[in-house]
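*Asks:* coords please:
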Amino acid sequence: MNESQELAEDERMQNLKEAQEKFLLAKQVAPERTEYYRPLAVTYISMEDTAQALKILNEGIEQDPDNKELLNLAGDLYLQKGELEKAEEIYLKAKEALPDDADLLHRLGQLEYNRENYEKATQYYEQAIELDPENANLAFNIGLSLYNQEDYIDAIPYFKKVVELVPDDEQAYRILANCYAQAKMIDEGLEFTRQAVEQFPMNAELHEYLGIFYGQKGMKDKANEAYNKSKELAKMKQEQQ
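*Replies:* Prediction:
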């Protein structure tokens, strides 16, 4: 860290300490009011004091048990710390108050995904996407959960939804091409991957999938061309690292 960066960091920490003092004072003056708890917790998070942030959030939840913002932030922090049981406890408490909250159902899905309980994660994600059908992140997460269950055919519509909503999501294109290959959907996969390679011509994996589809169609020359291009791009990427 150079001198200017150190000065900027010192200024940031000073600003955070001033904010901390401000919110603590407000909390002392009116402890019955809960709107100060979240910004105070966020300040502690910015200061990398997760323990104190959780302490403040739990105090706020005691006063306002149905406060969605406090519950979600507390659950998120426990999830980040890997305390999955505590995160689940918080999220389920929030779900009692907000049974039809897509964002909360998405969080519960992420929790189960972290547990590698992909079937249950999919159930939460699907409940969430019914409430928020144009959410690309939900579509991606459902597709990924199904992919991890080797349910490639059912994963395909969700990844198609992602590339429709987010046309520059290169990862979604790559996974969708793989789903077509795993599902042995050669014609659909070839058509899709041709378009994907046009959109992402420097993606080595997409060229490799294109080679797989050409090979399965018996188009040997085109398959070799695609494989060679994949190897060339992979080598270029390795040299740049």
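*Asks:* where does pLDDT dip in the protein?
*Replies:* The model of the chain has pLDDT under 70 over residues 1-33.
*Asks:* show the contacting residues for the most centrally placed residue in it.
*Replies:* Centroid-nearest residue in the chain: residue 137, 6.6 Å away (criterion: Cα atoms, centre = their mean). Shown in contact with residue 137 (Cβ atoms under 8 Å, 6 or more residues apart in numbering): residue 106. Every C-beta, even on glycine, is put in place using the N, C-alpha and C of the backbone.
*Asks:* so residue 197 touches residue 210, yeah?
*Replies:* Yes: using Cβ atoms under 8 Å, residue 197 is in contact with residue 210, at 5.6 Å.
*Asks:* so between these two, which is more surrounded?
*Replies:* Neighbours were counted for residue 197 and for residue 210 using other Cβ atoms under 10 Å; residue 210 has more, 25 against 20.
*Asks:* how does the protein divide into domains?
*Replies:* The record's domain split for the chain, according to automatic domain parsing, is 11-99, 167-241.
*Asks:* any chance of those domains in TSV, with distance to residue 158 too?
*Replies:* Shown next, in TSV, are the domains of the chain (distance: least, Cβ to Cβ, whole Å):
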stretch	distance to residue 158
domain 11-99	23
domain 167-241	9
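*Asks:* which one, of those domains, ends up nearest to residue 152?
*Replies:* For those, proximity to residue 152 was assessed by Cβ to Cβ; domain 167-241 is nearest, at 4.3 Å.
*Asks:* which neighbouring elements make contact with the strand or helix carrying residue 54?
*Replies:* Here residue 54 sits within helix 50-63, counting by DSSP states H and E. Judged by 3 or more Cβ pairs under 8 Å, 6 or more residues apart in numbering; DSSP states H and E, helix 50-63 is in contact with helix 37-46, helix 68-80.
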